[in-house]
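> coords below, sequence missing:
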Ligand SMILES: Cc1cc2nc3c(=O)[nH]c(=O)nc-3n(C[C@H](O)[C@H](O)[C@H](O)COP(=O)(O)OP(=O)(O)OC[C@H]3O[C@@H](n4cnc5c(N)ncnc54)[C@H](O)[C@@H]3O)c2cc1C
């Protein structure tokens, strides 16, 4: 029997993982991207692998399965999940009380979160300024993921397994199981397969719109561009140049989240500032310096560190903040994935979406994440 053929649209972390998985199972796959692999939201992510504080319970479990899928890949020898553990620092009695509550509430049995005494924190993070540490907690199974390494390694494997890769082809239209594309030079092309899987991040909504389907994600253009917009989906990730001393774990304290950077520096996320910026808001550029200043209060050794790179990202945000992974049309020719936390979820989603596409089995962990939960679609 001939194998089902697939077009995967979008070579971000989700699309690369899925193309690799489907081709490993022997299916002919074409992978199409408007730009280069890994250049969408996956290029501007904090890449924290966690299921910490995520709600509802089913979403927390989905993320925990995502974490475990990365653990299994690491056990097989893949080198992109840096399971440093996440350490949360408490500087006051109130923060320590809150932390105890959080540790008790990570209700995932094998998550292994536990409180740390002040001296345990300082032993594990010796470059911390001891004046800011009262207590801490460790979430040992969390860490961060080197996204470019995962994307490009999986893309290389996929190509070696026969995937045909078409970078710089933007999908303009979808018609049944056929897609039409245009290159930056204006050259038009088309591709056809049994099934089209849209993993085009913030591009999926417009592609589906061309075929008359609603995809209930926050419109990135409306949400991200204007200064003063709600800005919920915009984030800024900054990194210093290489440092000799600094955080060894993924570390969070009030107002700051830092982790080792993939260049030997320190990487910061903006979300602890609580700021909501539009992409065109000039104030967003003050964030890296603000975060570096806060980090220096934790790690005085970062005094001489300077910001070396900054990336602006627009989150892929389904309207309820949760994942969508489901068939779009009645004849099961179009499937779409749209999700925040896609770095945490990528390996697990690739495996269970491939089961659904190839075998027709919907994994139990996806049962809450169908598209028909949105009134705008049904
Ligand atoms: C600031 C920030 C911090 C984040 N922090 C975390 C975190 O700590 N942990 C975590 O797990 N997640 C985090 N995320 C979320 C995570 O980065 C995303 O969920 C994930 O990168 C989405 O990957 P994707 O492959 O679905 O989409 P993308 O990476 O956006 O890939 C989609 C691809 O589709 C292509 N494309 C788009 N339109 C078209 C078209 N018409 N035709 C062809 N190709 C097209 C794009 O070029 C792109 O390459 C964060 C996101 C942001 C912005």
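Received the coordinates, thanks. Computed from a predicted model, the values in this text were never measured in an experiment.
> Pick out the residue in the stretch 151-300 of the chain sitting closest to the ligand.
residue 203 (1.9 Å; C-beta to the nearest ligand atom). C-beta here means a position set from N, CA and C on the backbone, and glycine is covered the same way.
> Quick one: low-confidence residue ranges for the stretch 251-378 of the chain.
Applying pLDDT under 70 to the stretch 251-378 of the chain flags residues 378.
> Repeat the analysis, applying 90 as the threshold.
Across the stretch 251-378 of the chain, the ranges flagged by pLDDT under 90 are 270-285, 314-315, 330, 332, 375-378.
> What parts of it come near the ligand?
Counting by C-beta under 6 Å from any ligand atom, the residues of the stretch 251-378 of the chain lying close to the ligand are 269, 313, 315-316, 339-344.
> Inside helices: which ones of those?
Members of those lying in helices (criterion: DSSP state H): 342-344.
> returning to what we had before: with neighbour count and distance to residue 6 as extra columns, can I get the residues of the stretch 251-378 of the chain next to the ligand in JSON lines?
Listed next are these as JSON lines, based on neighbours: other C-beta atoms under 10 Å; distance: C-beta to C-beta, whole Å:
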{"residue": "269", "neighbour count": "22", "distance to residue 6": "34"}
{"residue": "313", "neighbour count": "22", "distance to residue 6": "27"}
{"residue": "315", "neighbour count": "24", "distance to residue 6": "26"}
{"residue": "316", "neighbour count": "29", "distance to residue 6": "21"}
{"residue": "339", "neighbour count": "27", "distance to residue 6": "19"}
{"residue": "340", "neighbour count": "21", "distance to residue 6": "24"}
{"residue": "341", "neighbour count": "22", "distance to residue 6": "24"}
{"residue": "342", "neighbour count": "27", "distance to residue 6": "19"}
{"residue": "343", "neighbour count": "25", "distance to residue 6": "22"}
{"residue": "344", "neighbour count": "28", "distance to residue 6": "24"}
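> Return the member of these nearest to residue 288.
Among these, residue 269 lies closest to residue 288 (C-beta to C-beta), at 10.7 Å.
> my guess is the closest one meets residue 251, correct?
No: between residue 269 and residue 251 there is no contact under C-beta atoms under 8 Å: 11.6 Å.
> joint contacts of the two?
Between them, residue 269 and residue 251 share these contacting residues under C-beta atoms under 8 Å, 6 or more residues apart in numbering: residue 257.
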